[in-house]
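> Provided below for reference: sequence and predicted model.
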Amino acid sequence: MAKTNEPTIIKKYANRRLYNTGTSTYVTLEDLAVMVKGEEDFIVYDAKTGDDITRSVLTQIIFEQEGKGQNLLPVPFLRQLIRFYGDSMQGLVPSFLEYSMTSLTQEQDKLRAQMSDTFGATAFDAIEDQVKRNTEMFERAMKMFMPFSAGEAGGSPAAGDGASAPQAAKAEPSSDLDDMKRQLADMQAKINALGDKN
């Protein structure tokens, strides 16, 4: 439904049916909840008496949402709210709650921006990046141990005697990973040499 400057008139009949005069259709509380979320303003009148019953209908929508398990209002808050009825502070509660909700609504965009800055565009992007990094690290680690398996099968110089390791070092481009490979090959050669002596 398109937003208009004038609130849509909803009429509630004795059979509890709600009639949207803007679309000339019967609507449900669920439809009215969608209108509220879409920031479409409406006023509900009792069709028989003409009384404005918007407040009670909105309260009924909240009751329905809470009944579906979408609990937004904590029990201590509800208890405190009930205690304010008839209290000398009752007159201040509506304006305080309205101010608090307005502030929360204004701050939610800032909160979303902060969450985006902290966790990236979305949490899924951050998780996906971490998975990619872990996969790359795992692949590098597997490649590091490939020379040992190749050496066992075909007598690769990486797992051979100590003299072949420096030649391999000259042939390979220098990088941290290559340095680690060379160090591991040297260690393997020394272990093999110790094994031969025993």
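On my side now, so go ahead.
> all helices for the protein, in order.
Using DSSP state H, the helices assigned to the chain run over residues 29-37, 54-67, 75-84, 93-119, 123-154, 164-171, 176-197.
> and these, which one is worst for confidence?
Lowest mean pLDDT within these: helix 164-171, at a mean of 48.
> For the closest residue to Asn20 other than its chain neighbours, name its beta-bridge partners.
Take Asn20 and drop its neighbours on the chain: the residue closest to it by Cβ to Cβ, 6 or more residues apart in numbering is Val27, 4.8 Å away. Heads up, the C-betas are built off the backbone N, CA and C, glycines and all. Residues in a beta bridge with Val27, per DSSP bridges, are Leu18.
> Please write out the alpha-carbon positions of stretch 52-67 in CSV.
Taking Å, rounded to 0.1, in the frame of the first residue of the first chain, the C-alpha atoms of stretch 52-67 are listed here in CSV:
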residue,chain,number,x,y,z
ASP,A,52,-11.5,6.0,18.0
ILE,A,53,-10.2,2.6,19.0
THR,A,54,-6.8,2.8,17.4
ARG,A,55,-5.0,2.3,20.8
SER,A,56,-6.8,-0.9,21.7
VAL,A,57,-6.3,-2.3,18.2
LEU,A,58,-2.6,-1.5,18.3
THR,A,59,-2.4,-3.1,21.7
GLN,A,60,-4.2,-6.2,20.3
ILE,A,61,-1.6,-6.4,17.5
ILE,A,62,1.2,-6.3,20.1
PHE,A,63,-0.7,-9.1,22.0
GLU,A,64,-0.9,-11.2,18.8
GLN,A,65,2.8,-10.7,18.1
GLU,A,66,3.8,-11.6,21.6
GLY,A,67,1.5,-14.7,21.4
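> And the contacts of it?
Contact with stretch 52-67 is made by 10, 12, 18, 29-30, 32-33, 36, 42-46, 72-73, as judged by Cβ atoms under 8 Å, 6 or more residues apart in numbering.
> Can you give me the buried ones in it?
Neighbour-count burial for stretch 52-67, counted by 16 or more other Cβ atoms under 10 Å, picks out 53-54, 57-58, 65.
> Show me which of these is closest to Phe96.
The closest of those to Phe96 turns out to be Leu58 (Cβ to Cβ; 18.1 Å).
> Any figure for the gap between that closest one and Pro7?
Distance, Leu58 to Pro7, using Cβ to Cβ, to the nearest Å: 13 Å.
> With that, I have no additional questions.
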